[in-house]
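A.B. asks: The following block contains a protein sequence and its predicted model.
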Amino acid sequence: MKRKNALSLLAVATAIFAMTGCSNLGKDEKVTMTYNHASARENLMATNWYQTSGEARALYIQGYNVATERLKTYLKTPHKKPYSIVLDLDETVIDNSPYQAENILRGESFSSKTWNDWVNMKSAKAVPGAKEFLQFADKNGVKIFYISDRDDTQLEATIENLKAEGIPVQSKDNVLLKTKDDKSGKVNRREYVKKHTDLIMLFGDNLSDFDVFSSSSIDERNNRVDELQKEFGDKFILFPNPMYGAFEKAIYSGKFPATDKEKTEVRINHLRSYEKL
């Protein structure tokens, strides 16, 4: 079994190398790739899909179309507290896939330093449908809150980026980024919004943008989705993101492996081939 896994890893690394512009290599030539480069390039097709596919674009448009119709229905109903919506930022309102692409080309994984460099470039573009929907919500008096796990030191750069894209920012207090003291994930920030407004919809690319979900158990995450299935497309609007997220941490049972070699091995072992059916 160990020999089979080792051969599989070599095949994956060689195939990835071939897909990235080295097709002129002879069939018998050997390719050497470090595990950190191989791990980074495993994100290649996911990022290609996110950046180029009409399907990804259509899913964003679909999600914001559904949200627009739901909001129109809510606006016809009298309410005591102001209506509010909560949105994640990254891959929900703005597109950070250029950061993922840069990591692939450099053979690197996420780091706080390079991510901070990207955030401070203030170059993320609005995802399809986001600007139009949010401007509609803003014009109709809906309170818009952005709850993101960006570091709170990135607040000014984040707001400048949003405004440059025509995304409404009603107040600095409506952009709730992560502080060092917040150990609740996004729970406390959502509760703050619920306390002061009538929260009618949540938007995100990760299940934790909506409710408390396990990050250590694939089965628990899927079971919780089944429990909340009526909320999706109604109160919860979910967007596509195959590039990163809590789903990956769940593959590792809640703890990221120490090395890229171990990451690759775990990823391969979680594949369900037809021989395992």
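C.D. replies: Thanks, I have the structure now. Note that the structure is predicted; figures quoted are calculated from it, not measured.
A.B. asks: Next, Ala67: secondary structure please.
C.D. replies: helix (DSSP: H, G, I helix; E, B strand; the rest coil).
A.B. asks: Do a quick rundown of the strands in the chain.
C.D. replies: Using DSSP state E, the strands of the chain run over residues 83-87, 94-95, 125-126, 143-151, 175-178, 198-204, 236-238.
A.B. asks: helices or strands up against the second one?
C.D. replies: Helices and strands touching strand 94-95, as assessed by 3 or more Cβ pairs under 8 Å, 6 or more residues apart in numbering; DSSP states H and E, comprise strand 125-126. The C-beta positions use only the backbone N, C-alpha and C, and glycine is treated the same way.
A.B. asks: neighbouring contacts of the strand it packs on?
C.D. replies: Strand 125-126 is contacted by residues 93-95, 165-167 when judged by Cβ atoms under 8 Å, 6 or more residues apart in numbering.
A.B. asks: neighbour-wise, which of those residues leads?
C.D. replies: In terms of neighbour count, Val93 stands highest of these at 26 neighbours, by other Cβ atoms under 10 Å.
A.B. asks: and that residue, what does it touch?
C.D. replies: 87, 126-127, 130, 134, 146, 162, 167, 203.
A.B. asks: Now do the same contact list for the nearest residue to His196 once chain neighbours are set aside.
C.D. replies: Leaving aside its sequence neighbours, His196 sits nearest to Lys81 (Cβ to Cβ, 6 or more residues apart in numbering; 7.5 Å). By Cβ under 8 Å, 6+ apart, the residues touching Lys81 are 196-198.
A.B. asks: quick one on the thing from earlier: out of the strands of the chain, which comes closest to Thr32?
C.D. replies: Closest to Thr32 of the strands of the chain, according to Cβ to Cβ: strand 94-95, at 33.7 Å.
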